[in-house]
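Visitor: Mind looking at a prediction? Sequence and model below.
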Amino acid sequence: MKIAVLGAAGGIGQPLSLLLKMHLPAGSELALYDPAPMTRGVAVDLSHIPTAVRVKGYTGRDPDAALEGADIVLIPAGIARKPGMERSDLFKFNAGIVMDLVQHCARCCPAALIALITNPVNSMVPVAAEVLKLAGVYDARRLFGLTTLDVVRSESFCASDERPEALPVQGVIPVVGGHSGNTIIPLFSHLGGELGDDAAIAERIRRVQQAGTDVVDAKAGAGSATLAMAYAALRFCLSLLRARQGELGIIECAYVEGGHAAAPFFSQRVRLGVDGVAEVLSYAPIHPVEQAAIDAMLPGLNEEIRQGIDFVRQLMPIWHQVSR
Ligand SMILES: NC(=O)c1ccc[n+]([C@@H]2O[C@H](COP(=O)([O-])OP(=O)(O)OC[C@H]3O[C@@H](n4cnc5c(N)ncnc54)[C@H](O)[C@@H]3O)[C@@H](O)[C@H]2O)c1
Ligand SMILES: O=C(O)C[C@H](O)C(=O)O
């Protein structure tokens, strides 16, 4: 299997590449692309770790050599938030980057599974979908927005300093909706047991929704979540790989197209198979507080989706003229 990381020299890209070098199955190939000149150095550095994973660094203007033959493409390319910013403020910088990179994916590895980390995820996945559609290679089963960090946080927040052993079984708490502010809806009701009153449930949801901003504020201008994100992306990538190699029963949450009546793209539990999403799974039944949170955020989520689609539909014709 060949795994390409686009944005590999960045805050997420470096620890993610390290984790991949350590945990990918023996014989895998890791292709690291970033326009930052240090990328080859990152690859040389990682190549000194004695695991049976080949690493190669690529820089320069386009990622084609890194993408050639890739089975999975992980994209943490683009800028991150600073205090006071919303994820949506990143749209104008990151949409062009994603549009460009996904065009290269369409050309060089049209059958690859693509997992987008770049924010705002709620709009970037529709951007990528439109690009792939225009290139004639779109398959909704193969495109994912990464929301695993919300799942990871929901699991972590079940434990506390007093009860570090309270971590739930991995994957039991689905996080649905999207990946920004109130579109992030962790369904703690799936844990079963005593949930507390409505205010307590709402507060648990709010804590997960706020978690990204807490990191941004705590890093005080030096970026957003990188380390837990790298862990989350590794976890998701290994699930994709296991499913691609035929293992059954692999379930993850991800922001994908289809499967939800109220929004064309929605983060939900999916069963993974050889070609990506094999089945979108129901998250019912849920608590009324969780349902109210979903209902309240849907207009905003649909607006973010529309922004991504419109961006590509307006820009792609101009883009093609300029690049001809
Ligand atoms: N989905 C999530 O849960 C989640 C979590 C954390 C961060 N993020 C997002 O991930 C993105 C990256 O965050 P970061 O902290 O690694 O940022 P960063 O600035 O540290 O790194 C981004 C990297 O992207 C590279 N880059 C820029 N243009 C590129 C291009 N055209 N092709 C390839 N690489 C390119 C830069 O050179 C840089 O190395 C941000 O948009 C951030 O908001 C998402
Ligand atoms: O909050 C951010 O800007 C980064 C990421 O989306 C996160 O949830 O940590």
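Guide: Structure received. Ligands and ions are numbered 1, 2, ... in the order given.
Visitor: Show me which residues of the stretch 151-300 of the chain are close to ligand 1?
Guide: Residues of the stretch 151-300 of the chain lying near ligand 1 by C-beta under 6 Å from any ligand atom: H179, G223, S224, A225, T226, M229. Where C-beta positions appear, they are placed from N, C-alpha and C, glycine not excepted.
Visitor: Tell me the secondary structure at the second one.
Guide: Read it as G223. Recorded secondary structure, G223: coil (DSSP: H, G, I helix; E, B strand; the rest coil).
Visitor: That one: how many residues sit nearby?
Guide: Other residues near G223 come to 16 when the count uses other C-beta atoms under 10 Å.
Visitor: can you tell me how far D198 sits from ligand 2?
Guide: 25 Å (C-beta to the nearest ligand atom, to the nearest Å).
Visitor: Can you read off the backbone torsions of that residue?
Guide: With angles defined as degrees, to the nearest 10, D198 sits at phi -60, psi -40.
Visitor: do the same with G145
Guide: phi -100, psi 130.
Visitor: Any idea how many residues pack against it?
Guide: 27.
Visitor: Check F188 too.
Guide: Using other C-beta under 10 Å, the number of residues around F188 comes to 27.
Visitor: ok, now A200?
Guide: Around A200 there are 12 residues (other C-beta under 10 Å).
Visitor: What helix or strand is A284 located in?
Guide: Using DSSP states H and E, A284 sits within no helix or strand.
Visitor: Can you name the residues in contact with the helix or strand where R242 lies?
Guide: Assigned by DSSP H and E, R242 belongs to helix 227-244. With C-beta atoms under 8 Å, 6 or more residues apart in numbering as the test, helix 227-244 has contacts from 1, 3, 12, 15-16, 18-20, 23-25, 71-72, 74, 76, 113, 115, 117, 144, 146, 148-149, 151-153, 215, 250, 252, 254, 272-274, 276, 278.
Visitor: Which members of those residues additionally contact ligand 2?
Guide: By C-beta under 6 Å from any ligand atom, the members of those lying near ligand 2 are L149, V215.
Visitor: Buried subset of the contacts of helix 227-244 as a PyMOL selection?
Guide: To isolate the buried ones among those in PyMOL, judged by 16 or more other C-beta atoms under 10 Å, type:
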select buried, resi 1+3+12+15+16+18+19+20+24+71+72+74+76+113+115+117+144+146+148+149+151+152+153+215+250+252+254+272+273+276+278
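Visitor: which ones among the contacts of helix 227-244 are found in strands?
Guide: Counted as lying in strands by DSSP state E, out of the contacts of helix 227-244, are 3, 72, 74, 113, 115, 144, 250, 252, 254, 272-273, 276, 278.
Visitor: any idea where the strands of the stretch 1-150 of the chain begin and end?
Guide: Along the stretch 1-150 of the chain, the segments classed as strands by DSSP state E, counting those that start in this stretch run 2-6, 29-33, 54-58, 72-75, 113-116, 143-145.
Visitor: Can you add distance to L46 and mean pLDDT and give the ones you listed back as TSV?
Guide: Converted to TSV, the strands of the stretch 1-150 of the chain look like this (distance: least, C-beta to C-beta, whole Å; pLDDT from 0 to 100):
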stretch	distance to L46	mean pLDDT
strand 2-6	11	98
strand 29-33	8	98
strand 54-58	5	98
strand 72-75	15	98
strand 113-116	20	98
strand 143-145	24	98
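Visitor: Provide a list of residues in contact with the residue of the chain found nearest ligand 2.
Guide: Across the chain, the shortest distance to ligand 2 (C-beta to the nearest ligand atom) belongs to G212, at 2.4 Å. Counting by C-beta under 8 Å, 6+ apart, G212 touches R81, R87, L149, S224, A225.
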